[in-house]
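> need a structure here:
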Amino acid sequence: MLGMNGEKIVNRFQFYAVFPENLEFAVKDDVTNIGSIAIIPTVGSEFGLAGRTWQVLDVDFRKKSVSVKPTEGQGSVFWRGGSGRVHTKVLQRMRRVLCEDTEYSYLQPNALKRLKQVRELVQSLGLDENYIVRLPKGKCVIFPWLGTAGFKTLERMLNTFCRESLEIKSIGGSCPYYIRVRLPSSKVENLGPEITSLCTQRIIPEHLVSEAEAPQLQKYDEYIPYPLLRKAFVYDYLDLNEVKL
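This next block holds a predicted model:
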């Protein structure tokens, strides 16, 4: 039998609806309300909103708010509706398309021309053998060729274990395609070996989620104890084995 508190929860039409309500996080710069986003960002990442680029300082899951500060550069994350999950096999096939020289008969002439240009770019950057591209002013772009779960796991590994050792200033990008990292020029050469080293260490997924986090991603998550929410997030949305492979 439901008590008084339970009645307050279920006595509304949203509780019985088949689909969950849209989950939105308010974005705030100090006390200024910037807008809202529908995807939970990670601390240290960057995104574009209201014509500016913002760096994430903190995520409050209880209040559903994101604390940010203005940063330089162009935000490359655009907030559309809910996003699906991409499997690693899709990204691996994309990489194969870019690295091989097969011409697909079903493509239009302009598409074939564009594919040739991109393949030449991939060859010139050495992306057929490497996954990190070095840019000017201490910037690097990582092309992990991982699906959504693997990409988010790698992003959290960089945030959790490499931010201090590599003196990372910001981490941005577009999931699951590339991660953009800004760090001192003297540390750029250490980025690749650091990632390789992380994959050989005895890291467990629980190390990637802080005690302050309790991601509420499903409809009834607000009623679930925080330790269980963290455990569900670790096993449903992260994949260390995918990164290590």
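
> Have a look at the protein and report its longest helix.
What stands out as the longest helix in the chain, according to DSSP state H, is helix 109-125.

> And the next helix or strand past it?
strand 132-135 (DSSP states H and E).

> contact partners of that following strand?
Strand 132-135 is contacted by residues Leu125, Gly126, Leu127, Cys140, Val141, Ile142, Phe143, Val188, Leu191, Gly192 when judged by C-beta atoms under 8 Å, 6 or more residues apart in numbering. (C-beta placed from N, C-alpha, C; glycine too.)

> what mean pLDDT does stretch 102-118 have?
The average pLDDT within stretch 102-118 is 92.

> That should have said stretch 11-25, apologies.
The model assigns stretch 11-25 a mean pLDDT of 72.

> ditto for stretch 177-193
Mean predicted lDDT for stretch 177-193 stands at 92.

> Quote the end-to-end distance of that stretch.
21 Å (C-alpha to C-alpha, to the nearest Å).

> May I see the PyMOL selection of the buried members of the contacts of strand 132-135?
The PyMOL selection below is limited to those of the contacts of strand 132-135 classed as buried (16 or more other C-beta atoms under 10 Å):
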select buried, resi 127+140+141+142+143+188+191
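
> next one: stretch 173-186 to chain centre, how far?
A distance of 11 Å separates the C-alpha centroid of stretch 173-186 from that of its chain, computed with C-alpha atoms, centre = their mean, to the nearest Å.

> ditto for stretch 142-159
7 Å.

> Who are the packing partners of the longest helix of the chain?
helix 88-99 (3 or more C-beta pairs under 8 Å, 6 or more residues apart in numbering; DSSP states H and E).

> which other residues reach the helix it packs on?
115, 118-119, 122, 127-128, 144-147, 150, 176-177, 242.

> Top of the residues you listed by number of neighbours, please.
Highest neighbour count within these, by other C-beta atoms under 10 Å: Leu146, with 27 neighbours.
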